[in-house]
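Engineer: Sequence first, then the predicted structure, then my questions.
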Amino acid sequence: MRFPFAFVIALAVTASCAPVPPTPPAARAPIADLPPMRVFTQSAPQRPLRPNAEMARNFLDLVFRLETGEELPILTRFEEPVSVTFAGMVPPTAQLDLDRLLSRLRSEAGISIFYTEGPAAITVEFLPRRTMQAYVPQAACFVEPGVSSWQEFRGKSRSSQTDWTRLSRRERVAVFIPNDTAPQEVRDCLHEEIAQALGPLNDLYELPDSVFNDDNFNTVLTGFDMLMVRVQYAPELANGMTRNAVAMRLPEIFARYNPAGERPAGAPLPPTPRSFVNAVVTALGPKAATAKRRSAAAQAVAIAKDGGWRDERTGFALYAFGRLIQGRDADAARTAFLGARAAFSAIPGADIQRAQTELPLATFELSRGNVDGALSLARAAMPAARRSENAALLAELLRTESAALLVMGQTEKAAAVRLDSLGWARYGFGSAEEIRNFDESFRTIERMAKGMTR
């Protein structure tokens, strides 16, 4: 299941870094000369970086446990080839993104998988967000076994085919995705939910290099994720195998599929307690009061610190806390973001996490008049945003660059970067209203630039 946590920070331009008030609807003019939507056409996934023994432990925890903490008694998977189909009101960008995903699954994970117009093993149904979240309010999208439609899901009763813990093999699975959300969110859901339909069902907050992590930093399948799916379909494994039986075969499988990972592994990370998971869910959930969300984020930070963690979870907790308090206490938020960046900098391959923290830090520098610092931070984060195919983050970083250039008096270059930013925003945010809100800050920047232009 994917949670609706948008890693997008509103560009703040006052000294206190408080969010800019939106322009009243009546005063909003259409965005002139809106550029075409920008899309990613090539993938450059990060290869698995950690030792095989460590990733084998991850595999067992991902495959033999659900996100709820329930244990799965046996391994299950589809018999290949695996067919995928669409149903419902399909968004215009979905087919291209699915085609790219299936191509990657074939080439990187070795899965025999294809798209079909008829009945399929995996059905991806699109429906209004309001309809979906009336039944599963916390989910941005999700996957269910034993059904092939929303109607079946609503009317299903628990059986051996509709309960992951009682499943003996995977035959029919449905993925449900809102059809009224941003193209990037649709693509992200396709990646995570189809990967879970095929393979691992759990999420682990300690993973720095995976979509199987509800921090949502990685949003398209990484090299680690492809390796996990590939291992699940290794010929040595089969439906019905127990955790112990699978564990005995993993060293040979990982050595064959990832010879670069054959090196000593460190001690296992301490498990993530339910208290941390519950605190994060509350902090990021849409229904809790703001004060309760801040308190929950602070609790997650405290749990990470008390546990002495030096991993992904500490950086994520600090980032979430900073995000929630930035409009109330700018200095404390900046301290939290700096702590998150330091935590991520110590993790090999955590480039996208660091890039996410550099966005708000660039905003802080811009609001304080350190234009060169803001520009440096924004530009440094862009390569990771592009490699991770995160159009929303890239649009924000380009907007920050445009703002800095405008303050520096480079108006023509700022205008060109702004248009590039809007092209990526069309994919990252989607609706005209969201893009208009995204673009509002440029008018504020223009007013601020009159007093700051060099």
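Structural biologist: All right, it came through fine. Here the structure is a predicted model, which is why all the values come from computation and not from measurement.
Engineer: pretty sure residue 91 contacts residue 182?
Structural biologist: No. Residue 91 is not in contact with residue 182 according to CB atoms under 8 Å; the separation is 9.4 Å. Quick note: C-beta positions are derived from backbone N, CA and C, even for glycine.
Engineer: Now residue 124: which helix or strand?
Structural biologist: Element membership for residue 124 (DSSP states H and E) is strand 122-127.
Engineer: and the next element down the chain from that strand?
Structural biologist: helix 129-133.
Engineer: who touches the closest residue to residue 171 other than its chain neighbours in this structure?
Structural biologist: The shortest distance from residue 171 to any non-neighbouring residue, by CB to CB, 6 or more residues apart in numbering, is to residue 121 (6.8 Å). Residue 121 sits next to 78, 82-84, 170-173 when contact means CB atoms under 8 Å, 6 or more residues apart in numbering.
Engineer: May I see the ChimeraX selection of the buried members of those residues?
Structural biologist: Of those, the buried ones go into a single ChimeraX selection, burial set by 16 or more other CB atoms under 10 Å:
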select :78,82,83,84,170,172,173
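Engineer: In the contacts of residue 121, find the pair that's most separated.
Structural biologist: 84 and 171 (13.9 Å; CB to CB).
Engineer: before we move on, the earlier item: kindly list the main-chain dihedrals of the residue nearest to residue 171?
Structural biologist: Residue 121 adopts backbone torsions of phi -70, psi -40, taken as degrees, to the nearest 10.
Engineer: Domain-wise, how is this protein divided?
Structural biologist: Split into domains by automatic domain parsing, the chain comes to 25-40+272-452, 52-261.
Engineer: among those domains, which gets the worst mean confidence?
Structural biologist: Ranked by mean pLDDT, those bottom out at domain 25-40+272-452, with a mean of 89.
Engineer: Off-centre distance for that domain?
Structural biologist: Distance, stretch centre to chain centre, for domain 25-40+272-452: 14 Å (CA atoms, centre = their mean, to the nearest Å).
Engineer: So what's the residue count around the closest residue to residue 74 other than its chain neighbours?
Structural biologist: Closest residue to residue 74 apart from its sequence neighbours, by CB to CB, 6+ apart: residue 240 at 5.1 Å. By other CB atoms under 10 Å, the residues close to residue 240 number 12.
Engineer: try residue 332
Structural biologist: 13.
Engineer: isn't it right next to residue 325, touching?
Structural biologist: Yes. Counting by CB under 8 Å, residue 332 touches residue 325, with 5.7 Å between them.
Engineer: who's in contact with the residue nearest to residue 88 when sequence neighbours are not counted?
Structural biologist: Leaving aside its sequence neighbours, residue 88 sits nearest to residue 126 (CB to CB, 6+ apart; 3.9 Å). The contact partners of residue 126, taken as CB under 8 Å, 6+ apart, are 86-91, 94, 177-179.
Engineer: Does residue 126 have any beta-bridge partners, and if so which?
Structural biologist: On the basis of DSSP bridges, residue 126 is bridged to residue 88, residue 177.
Engineer: Format the CA atom coordinates belonging to stretch 415-429 as CSV.
Structural biologist: This file holds the C-alpha atoms of stretch 415-429, laid out as CSV (Å, rounded to 0.1, in the frame of the first residue of the first chain):
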residue,chain,number,x,y,z
ALA,A,415,12.0,33.1,-17.2
ALA,A,416,13.4,30.1,-19.2
VAL,A,417,14.0,28.1,-16.0
ARG,A,418,10.5,28.9,-14.8
LEU,A,419,9.0,27.4,-18.0
ASP,A,420,11.1,24.3,-17.6
SER,A,421,9.9,24.1,-14.0
LEU,A,422,6.3,24.3,-15.1
GLY,A,423,6.8,21.6,-17.7
TRP,A,424,7.9,19.2,-15.0
ALA,A,425,5.1,20.5,-12.7
ARG,A,426,2.5,19.4,-15.2
TYR,A,427,3.7,15.8,-14.7
GLY,A,428,4.5,16.1,-11.0
PHE,A,429,1.3,17.9,-9.9
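Engineer: Just the buried positions in that stretch, please.
Structural biologist: Applying 16+ other CB under 10 Å to stretch 415-429 flags 417-418, 420-429 as buried.
Engineer: Show me how to select, in ChimeraX, the buried members of the contacts of residue 126.
Structural biologist: Paste this into ChimeraX to select the buried members of the contacts of residue 126, with burial taken from 16+ other CB under 10 Å:
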select :86,87,88,90,91,94,177,178,179
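Engineer: ok, how many other residues are close to residue 236?
Structural biologist: Neighbours around residue 236, by other CB under 10 Å: 14.
Engineer: Next up, phi/psi of residue 83, please.
Structural biologist: Backbone torsions of residue 83, given as degrees, to the nearest 10, read phi -100, psi 150.
Engineer: pretty sure it contacts residue 124?
Structural biologist: No. Assessed by CB under 8 Å, residue 83 is found out of contact with residue 124, at 11.4 Å.
Engineer: hmm, back to that, any idea how far the residue nearest to residue 88 lies from residue 220?
Structural biologist: 19 Å (CB to CB, to the nearest Å).
Engineer: got it, and residue 163?
Structural biologist: Counting by CB to CB, the separation of residue 163 from residue 220 is 29 Å.
Engineer: Validate this expectation: residue 114 resides in a helix.
Structural biologist: No. Using DSSP: H, G, I helix; E, B strand; the rest coil, the assignment for residue 114 is strand, not a helix.
Engineer: Just give the number of residues close to it.
Structural biologist: 13.
Engineer: same check, this time on the one 5 residues further on
Structural biologist: Counted with other CB under 10 Å, the neighbours of residue 119 add up to 11.
Engineer: so where do the helices sit in the stretch 201-350 of the chain?
Structural biologist: Ranges of helices within the stretch 201-350 of the chain are 223-232, 243-257, 274-284, 290-306, 312-325, 330-345, based on DSSP state H, counting those that start in this stretch.
Engineer: Just name the most buried of the ones you listed.
Structural biologist: Counting by mean count of other CB atoms under 10 Å, helix 312-325 has the highest mean neighbour count of the helices of the stretch 201-350 of the chain, with a mean of 26.
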